[in-house]
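Participant: Next one to model:
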Amino acid sequence: MKRGRITQHPVWICEIRGQSSWWFLRVLLGAFALGLGPAAGPIRAQTNTAALPVVRFTVFAAEPIEGLGYLAQPGGVVVPLTFYPTARSPRQEHRGPRPLRLVETNTGATVAEVAIPAGWRDVLLLVASTPGGTGLRRYQVTVLDDGPRQRAAGQLQILNFSGLELSGELNGRRISIEAGLNPALSTGRSARLTLRASFRGRSYLSWHDTITLGPAEHAVLILFPPYFSGSLEVQTRVLLDGAFTAAP
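Facilitator: Numbers count the residues shown, from 1 in each chain. Got it, this is the predicted structure:
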């Protein structure tokens, strides 16, 4: 199990463009095909930046991405983004028009436009890519509400992209696990979790471990498809975050 520090919640999925390819996007594309996030509609840029609230965000990907940044303000310099394989990035601020534009740091070319729902002031962006037939990267970004109502100490949320029919037991009590984002569960400082996968009428152990949280920490467990075809053992990331500080 790999561990990092992160946050997330209500989900918004949009499609974006760029350049290279990863296994991780197949997971998010599958989730999108199942209707786990609303489809993005037409995007209209806004130009009155003084009237726009600040949006703070972090980014995360299953593997590091290099050479991407964003425009914090119209006509401003490109701010590089740092991706870690097991942790979220440092928090950034966007004060410009919508949608948020991701760009290549070496050319300044726009490679992604991310629609952030109105009223969301703190978000996490889960970034993934998929092979493109023309040699261009194609990205999909899952936007998660990272506000204070979505994040409380001593809670665990499960984000299920595994594609498996799962059930679970958390600290001795049975829990249901749906595809996509699941409601937060109270765990206290220790979450002893067992996941089982159903296949052809039988139940098989899929994953088990104990997640330890700090006094002010919240945890998100992301479930990915099994590494080997035919396997029922999910892959995971455990992402922890500390106390919430709201955007101004």
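
Participant: excluding its backbone neighbours, what's nearest the residue most central in space within the chain?
Facilitator: Note on the chain: the residue nearest the mean C-alpha position is Leu126, at 3.3 Å, using C-alpha atoms, centre = their mean. Using C-beta to C-beta, 6 or more residues apart in numbering and skipping residues adjacent in sequence, the residue nearest Leu126 is Thr142, 4.1 Å away. Bear in mind the C-beta positions are built from the backbone N, C-alpha and C, glycine included.

Participant: shaky segments in the protein?
Facilitator: 1-52, 130-138, 149-150, 242-248 (pLDDT under 70).

Participant: what about 80?
Facilitator: 1-53, 62-64, 72-76, 85-87, 96-97, 109-111, 128-141, 147-151, 241-248 (pLDDT under 80).

Participant: quick check: domain ranges of it?
Facilitator: Domain ranges of the chain: 7-148, 149-241, per automatic domain parsing.

Participant: quick one: the last one to chain centroid distance?
Facilitator: I take that to be domain 149-241. 15 Å (C-alpha atoms, centre = their mean, to the nearest Å).

Participant: before we move on, back to that, bridged to the residue nearest to the centre of the chain, which residues?
Facilitator: Phe60, Thr142 (DSSP bridges).

Participant: roughly how far apart are it and Ile222?
Facilitator: Counting by C-beta to C-beta, to the nearest Å, the gap from Leu126 to Ile222 is 8 Å.

Participant: Near Gly147, how many other residues are there?
Facilitator: The tally of other residues near Gly147 (other C-beta atoms under 10 Å) stands at 19.

Participant: Would you check that it makes contact with Trp120?
Facilitator: Yes: with contacts counted by C-beta atoms under 8 Å, Gly147 reaches Trp120, the gap being 6.9 Å.

Participant: most remote residue from the protein's center?
Facilitator: Gly201 (31.7 Å).

Participant: Just the helices from this structure, written as ranges.
Facilitator: 24-33 (DSSP state H).

Participant: For Arg196, which non-adjacent residue is spatially closest?
Facilitator: Ser203 (4.7 Å).

Participant: residues near Phe199, how many?
Facilitator: With other C-beta under 10 Å as criterion, Phe199 counts 13.

Participant: list the contacts for it?
Facilitator: 165, 232 (C-beta atoms under 8 Å, 6 or more residues apart in numbering).

Participant: now it, which residues is it bridged with?
Facilitator: Arg202.

Participant: before we move on, back to that, my read is that the residue nearest to Leu126 contacts Val123, right?
Facilitator: No: using C-beta under 8 Å, Thr142 makes no contact with Val123, being 10.0 Å away.

Participant: chain center to stretch 144-154, what's the gap?
Facilitator: 13 Å.

Participant: Can you point out the buried residues in it?
Facilitator: 144-147, 150-151, 153-154 (16 or more other C-beta atoms under 10 Å).

Participant: Is it possible to get JSON lines of those that adds distance to Ala191?
Facilitator: JSON lines is the format used below for the buried residues of stretch 144-154 (distance: C-beta to C-beta, whole Å):
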{"residue": "Leu144", "distance to Ala191": "20"}
{"residue": "Asp145", "distance to Ala191": "22"}
{"residue": "Asp146", "distance to Ala191": "20"}
{"residue": "Gly147", "distance to Ala191": "22"}
{"residue": "Gln150", "distance to Ala191": "17"}
{"residue": "Arg151", "distance to Ala191": "15"}
{"residue": "Ala153", "distance to Ala191": "13"}
{"residue": "Gly154", "distance to Ala191": "9"}
